[in-house]
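**Q** here's my sequence, what's the structure:
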Amino acid sequence: MYHITDIKKMERCERLFWLSRRVQKSFTPYVQYTESMTSLMKERLLLPNDCFEGQANDDPALALQAFAEKKPLVNARFAYEDLRIKVPVLIQEEGKTILYMSYRSCYPKEQEAQYIADIIAVLQLLDIRIDEIYAIHLNAEYIRGKTLDVHALLTISDHFYNSHNRPGKNIFQLVQMKLRDIRPLLENMRILDALDEIKPKRTSFCTRGNKCSFYKECFQEESQPGAITNLVQSQHKYAMKEEGIQRLKDADLDRIEGTRHQYAQIMADTYGGLYVDVAALKTWRKDHISYPLSYLDFEWETYAFPPYEGMKPFDVLTFQFSLHVEEEKGKTLQHTGFIGEKDCRLAFIEALLASVPKTGTILVYNMEGAEKLRLVQLAQQFPQYEKALMQIWERMVDLSLPFSTGNVYDVRMAGLFSLKTLVPIFSSYHYEDLAISYGLDAVAKWREYQESEGTKKQQIYEELTQYCAMDTYAEYVVYHGLIKEVEKDA
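**A** Got it, this is the predicted structure:
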């Protein structure tokens, strides 16, 4: 049995479709969904208790029977031959059939039209005609009170949204333009699925948006230091590789974009593996660094549905911080941290304010879209702490800037700029030595931590502490690695 989503996979990449039929991929969801969208949707639309609610692996005949009885349908499974679809809500009233598409997001985009059109194409093959289409989605401006107001949380729209999150084209009209005969597509899926192999073919879809989950299965690349495939922001690196250009230092200068990153990479590979703009580093240090030095890192959970008062859809809850403090250069590091549970926002703020020194630089890696933004959001939710939190974020300095601006590059970075990449370059430490190695793993562990007791809870607490502390110690290691390069030139 195929699902309508398989069409999207096939049209993106035939091998992606083929592999997805054979390999199961597990993943940790980035966003926490604490509410049932189905339950919220039923309440928002005031659906009766006797509406038909489909279940996984339902016989499609059940949905057809319920539709014939003119019942409202929720999550109904229909099928044409071996192509299956799931319809969020289907209602018949006043001689019209109305389709509601549900989105656990705030701004459903116009590219959703083809997916809806293919659902409708299946329904039409089953003699079900759709007269109106609406999107049910989260209201980005909703702020939760003490309880969840479903009618304020969920918005019903007859339009999509453009790339700027502005109201765009009418859903029904755009879907009508996208209608097509899905039977040839179904036949093509059957043909592809029967093949013994489909060879990988590199296209822009492999890395567009989120990198394809099967990328490693298709391209067993070795990120060797100095490899031309490590050239960042490059449209032509794979073409150069196919032509026999293997190293960054041999890049065709007429086919590079000429960014600072690329310059740093080529210079590093040309002159011994490391490029450092010492003058720029000296200026950065002089302008931004003062002791005591604080090394700070947060961990947080993202909630699609706001679980606590004062939160909006997709707000985050910062549940952990790690802080290493270096009072003077060469002094022993002092460490403190915090791990909270449930709605720990106030406890987090108070612990942070009590721990961070009142003066000196606060070094954070990639702070603008992370730690700084977290503090700004907390200040909005708890305005009584705005000034105190502002005094922290105004002293923050982004430790990633020397790397992201192209002032420092080591070929062992292989085109990557994360702390996990930098730590083994500047030290003998590795994140892989820890029980928790990645941010999403930490989030998953925190979810488990809140439900655990006794020794299991203590074990997770220690694992979370070690992971977050590794981030702030890594900042210390990387900063002093940079300063070592500056002092070589002194």
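**Q** wait, L389 touches A379, no?
**A** Yes. L389 is within contact range of A379, at 4.7 Å (criterion: Cβ atoms under 8 Å). Using the backbone N, CA and C atoms, a C-beta is placed for each residue, glycine as well.
**Q** looking at this structure, which helix or strand is least sure?
**A** Lowest mean confidence among the helices and strands of the chain (mean pLDDT, DSSP states H and E): helix 215-218, at a mean of 84.
**Q** list the buried residues of that one.
**A** C218 (16 or more other Cβ atoms under 10 Å).
**Q** kindly export that helix (C-alpha atoms) in PDB.
**A** C-alpha atoms of helix 215-218 as PDB (Å, rounded to 0.1, in the frame of the first residue of the first chain):
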ATOM      1  CA  TYR A 215      22.100  11.400   2.300                       C
ATOM      2  CA  LYS A 216      24.700   9.200   3.900                       C
ATOM      3  CA  GLU A 217      23.200   6.100   2.300                       C
ATOM      4  CA  CYS A 218      23.600   7.700  -1.100                       C
END
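**Q** what helices and strands are in contact with that helix?
**A** Helices and strands touching helix 215-218, by 3 or more Cβ pairs under 8 Å, 6 or more residues apart in numbering; DSSP states H and E: there are none.
**Q** ok, residues contacting that helix?
**A** With contact meaning Cβ atoms under 8 Å, 6 or more residues apart in numbering, helix 215-218 is reached by R15, L19, V23, P200, R202, C206, T207, C212.
**Q** tell me which of those is nearest to L231?
**A** Nearest to L231 among those: T207, at 13.5 Å, using Cβ to Cβ.
**Q** list the buried residues of the biggest helix by length in the chain.
**A** Counting by DSSP state H, the longest helix found in the chain is helix 454-488. Going by neighbour count (16+ other Cβ under 10 Å), the buried part of helix 454-488 is 460, 463-465, 467-482, 486.
**Q** give the contact list for the residue nearest to Y303 when sequence neighbours are not counted.
**A** With sequence-adjacent residues excluded and distances taken as Cβ to Cβ, 6 or more residues apart in numbering, Y303 is closest to Q32, at 5.2 Å. Neighbouring residues of Q32 by Cβ under 8 Å, 6+ apart: E301, T302, Y303, A304, R447.
**Q** list the buried residues in the helix or strand hosting the last one.
**A** Assigning secondary structure by DSSP states H and E places R447 in helix 439-451. Judged by neighbour count using 16+ other Cβ under 10 Å, the buried positions of helix 439-451 are G439, D441, A442, V443, K445, W446, R447, Y449.
**Q** and the helix or strand hosting F17, how far from the chain's centre?
**A** For F17, the enclosing helix or strand under DSSP H and E is helix 14-20. Here helix 14-20 is found 22 Å from its chain centre; the criterion is Cα atoms, centre = their mean, to the nearest Å.
**Q** need the next SSE after it, C-terminal direction.
**A** strand 31-32.
**Q** so which elements touch the helix or strand following that following strand?
**A** The helix or strand immediately downstream of strand 31-32 is helix 37-44, counting by DSSP H and E. If you count contacts as 3+ Cβ pairs under 8 Å, 6+ apart, helix 37-44 packs onto strand 73-80, strand 96-102, helix 150-153, strand 154-157.
**Q** what comes into contact with helix 37-44?
**A** 51, 53, 74-75, 88-89, 100, 102, 104, 136, 150-151, 153-154, 156, 305.
**Q** now with 7 Å?
**A** With contacts defined as Cβ atoms under 7 Å, 6 or more residues apart in numbering, helix 37-44 is touched by V74, N75, P88, V89, S102, R104, I136, V150, H151, L154.
**Q** which strands border the helix or strand following that helix, and is each parallel or antiparallel?
**A** Once helix 37-44 ends, the next helix or strand along the chain (criterion: DSSP H and E) is strand 52-53. Partners of strand 52-53 in the sheet, by DSSP bridges, are strand 73-80 (parallel).
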